[in-house]
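**Q** This is a predicted model, with the sequence first.
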Amino acid sequence: MQRHFRFLLLFSACTLGVPVRADVYPLAKALAPHMKPMGLTAKEEPAGLGQVRGQIIRIINAMQSSNEGGGPDGRGLVSKALEYQPEVGDSQRMMMKGNLVQMWQEARALGCFNAENQFTGAITKGPDAGSQAVFEYIVHLEMAPRFSREISNVRLVAPSKSRAKGGADAVRDNAFMQQLRAVESEIEGRNKMKKFTDPPATNNLGETKEVVTKRFMEEMAKAGDAALKPPHLTLKGRLTEQPNKRNGSLWVYSVDLLNISPHPTELTVQWWLLGYTEIKHLNYLMAAGAEKVQLRALGATQLKFKTKAKGHYDNRADDLDGLAPKDPRRGKTETKYRGAVIRVIHGKDQVIATWASDASMAHCLEDEPDAEFDLYRLPKLFEDAPK
């Protein structure tokens, strides 16, 4: 099975001969996070082709696994997965979908998938059998330098049809260039609109980040040694968003932090979001991290911590429950959110505040917690499988 996608191959509905609708199929949600574009580059990046090549292979592997395993066909899977990527505009979505479907179909025609539906790159069919398939830019970077790592500008071909073997087509490339310009204009327009609609991040006094930083440094200098003392804080957390289409199918946990001391302070906020498996009720980490925070005297801030997309955990949780790849319970289980744990550190390692979302999560903060609540031993399901 593919390392990045341990996909469910059969639904009970498929076994019964009932068509499975893509909009209820978990594969599209699982694939969606891997469909996120890498973005335009400031200048030509030749190494970008290698980066986007890895992304493409993960996606076409998912397309092939779904197609051969009773799920949506490759085209349907990509179409649905892109619906869960709200940052992708219409023009870019069209280009990405067209290129991915073309590459998947070409890889199938060349016989580049093995028995486990994994792309090997080795051509086993046609006149180029025995050689490796080629990923190359459709429009050369000299003409489209900002598309160095964009699926919108990549194709898969047999060596005999590559640009190096005379496979370039000026008319086609010029026409394609016009489409890339439309994508570029769309991306830039959406970015400008986002800046226009999203106000600058501010604190509770309405101050921008730049103003906050400047005033913080002024207060630190004025406070002198007092700024090195542990502050008195109020800390509160709450789950503010559950998975939905608009937020990319994430859980979002918000933390309010208030410095009630008369001097500024620098802190580290450690955070963990936990889930649990449906069958064995095993705890695991959905997300975790640490964030540096600067608070002025009587200053406040709100932090938001996010999980990965809900579908990211489905098959990983089933694996943790010990379900076999073809176990009929796969696809019926649901990703379960358990709770959150927050810890605030002053200096190197002094804990000055903690927060747990409920009484059971408070066990995570004990000096010697049981294994099921040990934050440093729980499975990290937010990490991708090693390559």
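**A** Structure received. All values reported here derive from a predicted model rather than from experimental measurement.

**Q** where are the low-confidence patches of the stretch 201-350 of the chain?
**A** Within the stretch 201-350 of the chain, the stretches with pLDDT under 70 are 201-207.

**Q** how about the helices of it, start to end?
**A** When secondary structure is read from DSSP state H, counting those that start in this stretch, the stretch 201-350 of the chain shows helices at 209-223, 311-320.

**Q** could you dump those to a markdown table with distance to K80 and mean neighbour count?
**A** All C-beta atoms are positioned from the backbone trio N, CA, C, and that covers glycine. A markdown table is the format used below for the helices of the stretch 201-350 of the chain (distance: least, Cβ to Cβ, whole Å; neighbours: other Cβ atoms under 10 Å):
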| stretch | distance to K80 | mean neighbour count |
| --- | --- | --- |
| helix 209-223 | 37 | 14 |
| helix 311-320 | 11 | 22 |
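
**Q** Of all those, which one comes closest to E150?
**A** helix 311-320 (23.0 Å; Cβ to Cβ).

**Q** residues touching E291, list them.
**A** E291 makes contact with 268-269, 271, 303, according to Cβ atoms under 8 Å, 6 or more residues apart in numbering.

**Q** now with 7 Å?
**A** Listed by Cβ atoms under 7 Å, 6 or more residues apart in numbering, the contact set of E291 reads 269, 303.

**Q** For it, give the beta-bridge partners.
**A** V269 (DSSP bridges).

**Q** Report the separation between it and T208.
**A** When distance is defined by Cβ to Cβ, to the nearest Å, E291 is 19 Å away from T208.

**Q** Check the burial of N247 by counting its neighbours.
**A** Neighbour count of N247, defined by other Cβ atoms under 10 Å: 14.

**Q** L250 versus the residue nearest to the spatial centre of the chain, what's the distance?
**A** For the chain, the residue sitting closest to the mean C-alpha position, by Cα atoms, centre = their mean, is P33 at 4.3 Å. Distance from P33 to L250, counting by Cβ to Cβ: 10 Å.

**Q** Counting by contacts, list what the longest helix that the chain contains packs against.
**A** Identified as the longest helix of the chain according to DSSP state H is helix 170-197. Helix 170-197 is packed against helix 90-109, with contacts defined by 3 or more Cβ pairs under 7 Å, 6 or more residues apart in numbering; DSSP states H and E.

**Q** centre of the chain versus the very next helix or strand once past the helix it packs on, how much separation?
**A** Going down the chain from helix 90-109, the next helix or strand is strand 134-137, by DSSP states H and E. Strand 134-137 sits 25 Å away from the centroid of its parent chain (Cα atoms, centre = their mean, to the nearest Å).

**Q** what do you get for stretch 88-97?
**A** Worked out by Cα atoms, centre = their mean, stretch 88-97 lies 18 Å from the chain centre.

**Q** For that stretch, give me every contacting residue.
**A** 37, 78-79, 82, 151-152, 179, 182-183, 186-187, 190.

**Q** ok, 10 Å please
**A** Here stretch 88-97 makes contact (Cβ atoms under 10 Å, 6 or more residues apart in numbering) with 35-37, 59, 75, 78-79, 81-83, 85, 138, 147, 150-154, 176, 179-187, 189-190.

**Q** List the buried residues for stretch 115-126?
**A** Neighbour counts over stretch 115-126 (16 or more other Cβ atoms under 10 Å) mark 117-119, 123 as buried.

**Q** Contacts only, for the closest residue in space to I260 that isn't next to it in sequence.
**A** Excluding the flanking residues, the one nearest I260 by Cβ to Cβ, 6 or more residues apart in numbering is H232, at 5.0 Å. By Cβ under 10 Å, 6+ apart, the contact list for H232 reads 258-262, 265, 352-353.
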